[in-house]
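Quick one: sequence and predicted model below, then my questions.
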Amino acid sequence: MPVMDRARASRRLVQTTKVERQYASQLRKIATHIGELVATVWTPDDPAVADRIGQALERYAQIIEPWARVVGRRMVEEIDSRDWRAWREASAEMSRIMQVQLNSSDVGQLTQQRLADQVALITSLPREAAERVHKLTLEGLTQGTRAKDIAAEIMRSGDVAKSRANLIARTEVARTSTEFTRARAEDIGSTHFIWRTSRDSDVRQSHKALEGKTFRWDEPPECDPGHHALPGAIWNCRCYPEPVF
């Protein structure tokens with residue numbers, strides 16, 4: 001029994017895309033601040049500048065943790081709410097026993113885990129920027145890269161962080177949606193799902209080959225070379241699972 005027909009699936013894609021844009025917008029604010037902070041601390045020809053940048057970015061990561069918790073919670077709860085509404089739309093097709101089980105499903109633990117994951121990822125943005133600055137500085141010392149080139153790369157820290165922020169938003173919104181769908185599906189007896197894609201030109205070939213195939217929730221397929229994951233639970237994936245009952 002499918003929980004999501006094509007119309008529901010289309011609405012789901014539109015809704016998650018909206019949440020993704022909102023989440024990415026918030027995370028890019030962190031990236032902008034990273035760029036501004038690096039530019040403020042940066043001093044040419046100072047051998048200790050990389051350490052000072054690293055310390056400043058670590059302090060920033062600690063400062064933004066409460067903000068990260070608020071932003072992460074907003075995203076997780078929005079996805080949970082949308083997933084619940086999708087299940088309620090489909091509940092008329094379920095047996096009465098399944099409806100009762102659905103209504104008693106507890107996703108509280110999953111909500112807390114997803115929130116913790118978001119806080120860790122958001123605060124990783126300045127920490128990853130700090131690691132990148134140290135790596136660039138070390139490469140300059142060991143490989144003889146020109147100081148001018150190293151400085152230019154360090155000053156790109158904000159742009160690099162923005163790309164990372166977009167990737168986190170795109171991946172985590174889809175992953176969170178998939179995890180809530182799985183939790184509720186397994187709670188009412190589902191052991192398998194059908195892999196569904198967004199059926200457009202952006203679907204990667206390896207995922208296109210999985211369209212319509214059935215897999216166990218606890219045995220996801222190899223969707224990219226060397227990587228097994230549920231649909232929507234790997235980077236840049238807009239696929240989704242259709243629970244099977």
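Received, thanks.

low-confidence ranges in the protein?
1-14, 91-105, 144-145 (pLDDT under 70).

And the strands in it, which stretches?
192-196, 214-216, 222-224, 227-228, 240-244 (DSSP state E).

The first one pairs with which strands, parallel or anti?
Translated: strand 192-196. If you go by DSSP bridges, strand 192-196 pairs up with strand 214-216 (antiparallel), strand 240-244 (antiparallel).

Any idea how far the last one is from the middle of the chain?
What it means is strand 240-244. On the basis of CA atoms, centre = their mean, to the nearest Å, strand 240-244 sits 19 Å off its chain's mean C-alpha point.

Output that strand as PDB, nothing but the C-alphas.
C-alpha atoms of strand 240-244 as PDB (Å, rounded to 0.1, in the frame of the first residue of the first chain):
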ATOM      1  CA  TYR A 240      12.400   9.600  -1.100                       C
ATOM      2  CA  PRO A 241      11.200   6.300   0.300                       C
ATOM      3  CA  GLU A 242       7.600   5.000  -0.300                       C
ATOM      4  CA  PRO A 243       6.800   2.700   2.600                       C
ATOM      5  CA  VAL A 244       5.500  -0.800   1.800                       C
END
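
need the contact list for the residue in the chain sticking out farthest from the centre.
No residue in the chain sits farther from the centre than residue 45, which is 37.8 Å out by CA atoms, centre = their mean. Applying CB atoms under 8 Å, 6 or more residues apart in numbering to residue 45 gives the contacts residue 147. Using the backbone N, CA and C atoms, a C-beta is placed for each residue, glycine as well.

Give me the contacts around stretch 142-149.
By CB under 8 Å, 6+ apart, stretch 142-149 touches 44, 45, 139, 140.
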